[in-house]
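# Attaching a predicted model along with its sequence, questions to come.
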Amino acid sequence: MSEREPIAQDTAKGPPETDPRLEGEKHPVARMIAIGVIASLVGIAITLLIDWFPTSASGAAGDIDTLYDVLLICSVPVFVLVMTIAIYSVVRFRAKPGDMGDGPPIHGNTRLEVIWVTIPFIMVTALAIYGWIVLNDIEAKAQDQMVVNVTGQQFTWTFEYPRQNVNSNELVLPVDRPIEFKIKTKDVLHSFWVPEFRLKSDAVPGLTTIIRLEPDRVGRYEVVCAELCGLGHSTMRQFVRVLPADDFDGWVEKQRQEGEGGAPAGESGEGEGGGGGAAADGEQIFTAQGCGSCHTLAAAGASGTVGPDLGKLENTDEAFVRESIVDPSAEVEQGFPDGVMPADFGDKLSPEELDALVKYLLESQE
Ligand code: CUA
């Protein structure tokens, strides 16, 4: 009790409005707001000067970039104002050494509290409505849209064009045509993302997620996995090529011919596990299973670096190559991590496909 006495005397002496720390400072709040406003304007100017976005290559990109700009313009003043008041208060009202006294008793300020609840509430609600309108616009179903089934698996993307009856490891799209991506995963969470298109969607086990967009710029962009999905996550990158409509039709035609020529007998060539047949093409299996996203193999034009270079095998014993595919942990090459390569290729591949793949790998040694 004795420690508290001097404080009680302090408050009793002076009227509470004249805190000695505020003497000579007539309008600290006005000054803080002035500093905050100036800092906010500088912050907004810097924000707008920075080029945040990559090239835009889809119809939705413009709306999304504008939404981002609006969010930044609204967030900067809030951040700057709060930080200005906080830093100003820390410096200006710092307790003097040895001052163990309580601050002046304040019971709150209803007007201030109403202001700092109402303004953020209006801002957040308005931004949420704006964001919802933009998203709704983008996700609207379009006439004449082309469906592309996207499948993620550790660590590759595969693309299926059901109407065109084409499967591909590369995403190829016609320009100025609405696309509906139906996204799935064979194993864990992945996230399908083309930064130039702006849209991104998780591939969730057991679900099919959908994004719709219309590529509006011819070019080659990266397809990125944006969800940490295992050790090979950073290598889960492929390309999307946006082509003029005629070139796209040409590509589809070429894929079909290759598909029919390379795969075993026409109709049965679509199935993955069930297919196969005597003439199973090792290179096609290598590509379709996404081996190239982790392994280098010059013969297949693959340059992955997560696993060993398969064109330079030290042990070219057939049984060893087979075992390494079916049971990758049996013998792990030095310098490479264990447990990265999926252990289920023995189930995924038919015996014929496995034979073809082993044969292909042995033939592809440099
Ligand atoms: Cu798939 Cu990260």
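Yep, that arrived. Numbers count the residues shown, from 1 in each chain.
# and Tyr88, that one's in a helix?
Yes - membership of Tyr88 in a helix is supported by DSSP: H, G, I helix; E, B strand; the rest coil.
# Report how many residues lie close to it.
Around Tyr88 there are 16 other residues, counting by other Cβ atoms under 10 Å. C-beta: built from backbone N, CA, C; applies to glycine.
# Could you say which helix or strand holds the closest residue to it other than its chain neighbours?
Distance criterion Cβ to Cβ, 6 or more residues apart in numbering; nearest residue to Tyr88, sequence neighbours excluded, is Met32 at 5.1 Å. Taking DSSP states H and E as the definition, one finds Met32 inside helix 28-49.
# Could you do Phe192 as well?
Phe192 belongs to strand 190-193, assigned by DSSP H and E.
# Point out the other helices and strands that that strand packs with.
In terms of contacts (3 or more Cβ pairs under 8 Å, 6 or more residues apart in numbering; DSSP states H and E), strand 190-193 is packed against strand 146-153, strand 200-203, strand 219-225.
# picking that back up, buried ones in the helix holding Met32?
By neighbour count on 16 or more other Cβ atoms under 10 Å, the buried set for helix 28-49 is 32, 35-36, 39-40, 43-44.
# list the helices and strands it packs on?
Identification of packing neighbours for helix 28-49 by 3+ Cβ pairs under 8 Å, 6+ apart yields helix 61-92.
# got the angle for the helix or strand following the helix it packs on vs helix 28-49?
Tracing the chain C-terminally past helix 61-92 and defining elements by DSSP H and E, one meets helix 110-138 next. Between helix 110-138 and helix 28-49, the angle comes out at 10 degrees (axes from the mean of the first three to the mean of the last three Cα atoms, to 10 degrees).
# now for helix 110-138, which elements pack on it?
Checking 3+ Cβ pairs under 8 Å, 6+ apart, helix 110-138 ends up next to helix 61-92.
# What about Gly230, how many residues nearby?
Residues near Gly230, counting by other Cβ under 10 Å, number 16.
# Give me the pLDDT for it.
Looking at Gly230, its pLDDT stands at 86.
# Would you enumerate the residues in contact with the closest residue to it other than its chain neighbours?
Using Cβ to Cβ, 6+ apart and skipping the chain neighbours, the partner closest in space to Gly230 is Gln154 (5.1 Å). Residues in contact with Gln154, defined by Cβ atoms under 8 Å, 6 or more residues apart in numbering, are 187-188, 229-230, 232, 236, 342.
# which residues are contacting the helix holding Met32?
Residues outside helix 28-49 that contact it (Cβ under 8 Å, 6+ apart) are 22, 25, 69, 72-73, 76-77, 79-81, 84-85, 88, 92.
# Could you rerun that using 10 Å?
With contact meaning Cβ atoms under 10 Å, 6 or more residues apart in numbering, helix 28-49 is reached by 21-22, 25, 27, 69, 72-89, 92-93, 112.
# Now which of those residues would you call buried?
Among the contacts of helix 28-49, those classed as buried by 16+ other Cβ under 10 Å are 21, 74, 76-77, 80-81, 84-85, 88.
# Intersect these with the contacts of the ligand.
Taking Cβ under 6 Å from any ligand atom as the test, the ligand is in contact with none of those.
# got JSON lines for the residues you listed, with pLDDT too?
Listed next are these as JSON lines, based on pLDDT from 0 to 100:
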{"residue": "Arg21", "pLDDT": "49"}
{"residue": "Cys74", "pLDDT": "87"}
{"residue": "Val76", "pLDDT": "87"}
{"residue": "Pro77", "pLDDT": "85"}
{"residue": "Val80", "pLDDT": "84"}
{"residue": "Leu81", "pLDDT": "81"}
{"residue": "Thr84", "pLDDT": "83"}
{"residue": "Ile85", "pLDDT": "81"}
{"residue": "Tyr88", "pLDDT": "83"}
